[in-house]
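J.: Quick one: sequence plus predicted model below, questions after.
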Amino acid sequence: MLLNVPNLLTGFRILLIPLFVGVFYLPESWLSLHSKNVAATLIFTAAAVTDWLDGYLARSLNQTSAFGAFLDPVADKLMVVAALILLVALGRVDALIAVVIIGREIAISALREWMAGIGAGKNVAVSFLGKLKTLAQMVAILMLLYYEQPHAWLNFPLLGTVLILVAALLTLWSMAYYLKMAWPHALRQDKPPVP
């Protein structure tokens with residue numbers, strides 16, 4: 001079913017992206033930098049909550065669909081890519097870190113599609129390592145969007161920078177793990193057919 005609650009939430013998440021990016025393009029006379037940081041953090045948080053909610057509702061309402069399974073990860077990746085590009089433009093994330101994370105997402109998405117095409121999609125299902133990478137990445141992005149120090153002992157810019165570095169390392173580690181899982185299938189696919 002194309003139009004169900006989980007898919008509508010996923011679509012809503014995609015619609016949040018221009019709003020999320022647009023906040024930082026508003027004139028300073030309309031919105032101070034502090035207000036822009038807060039607004040972007042709240043929008044990204046709303047997107048993260050709808051990501052969890054659409055998956056939960058799809059399972060609990062038995063409204064899973066092939067379209068939803070395709071659209072949900074696309075929406076996630078679009079939001080993360082938009083956030084990383086924005087953070088690079090703001091000078092809060094190094095471009096190399098963004099390239100590593102975005103490049104991994106593209107490579108693993110292509111790998112999963114290829115593995116599904118040969119009937120081995122379960123071999124590259126999301127692992128604990130991938131979930132840990134996502135958690136570090138999401139918390140880092142939230143801290144770097146807010147980018148202020150709410151307390152003397154809580155330095156969001158520093159913590160966010162450390163966590164995004166951890167996320168980049170976990171990104172490379174999880175990519176190596178997925179490639180290792182796919183390698184035997186790649187070797188089998190390369191063998192010429194027996195006459």
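T.: Ah, there it is.
J.: mind checking which helix or strand the nearest residue to F156 once chain neighbours are set aside is in?
T.: In space, and not counting its chain neighbours, F156 is closest to M143: 4.3 Å by Cβ to Cβ, 6 or more residues apart in numbering. Just so you know, the C-beta spots here come from the backbone N, C-alpha and C atoms, and that holds for glycine as well. Using DSSP states H and E, M143 maps to helix 128-146.
J.: Restricting to C-alpha, output that helix in CSV.
T.: Extracted in CSV, the C-alpha atoms of helix 128-146 (Å, rounded to 0.1, in the frame of the first residue of the first chain):
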residue,chain,number,x,y,z
PHE,A,128,25.3,-3.9,15.3
LEU,A,129,28.3,-2.0,14.0
GLY,A,130,26.2,-0.2,11.5
LYS,A,131,23.7,0.7,14.2
LEU,A,132,26.5,2.0,16.5
LYS,A,133,27.8,4.1,13.6
THR,A,134,24.4,5.6,13.0
LEU,A,135,23.9,6.4,16.7
ALA,A,136,27.3,8.2,16.9
GLN,A,137,26.6,10.0,13.7
MET,A,138,23.1,11.2,14.7
VAL,A,139,24.2,12.4,18.1
ALA,A,140,27.3,14.1,16.6
ILE,A,141,25.1,15.9,14.0
LEU,A,142,22.7,17.1,16.7
MET,A,143,25.5,18.5,18.8
LEU,A,144,27.2,20.2,15.8
LEU,A,145,23.9,21.7,14.7
TYR,A,146,23.2,23.2,18.1
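J.: and the next element down the chain from it?
T.: Toward the C-terminus, helix 128-146 is succeeded by helix 156-190 as the next helix or strand (DSSP H and E).
J.: For that next one, which residues meet the burial criterion?
T.: 156, 160-161, 163-164, 166-168, 170-171, 174-175, 178, 181-182, 185 (16 or more other Cβ atoms under 10 Å).
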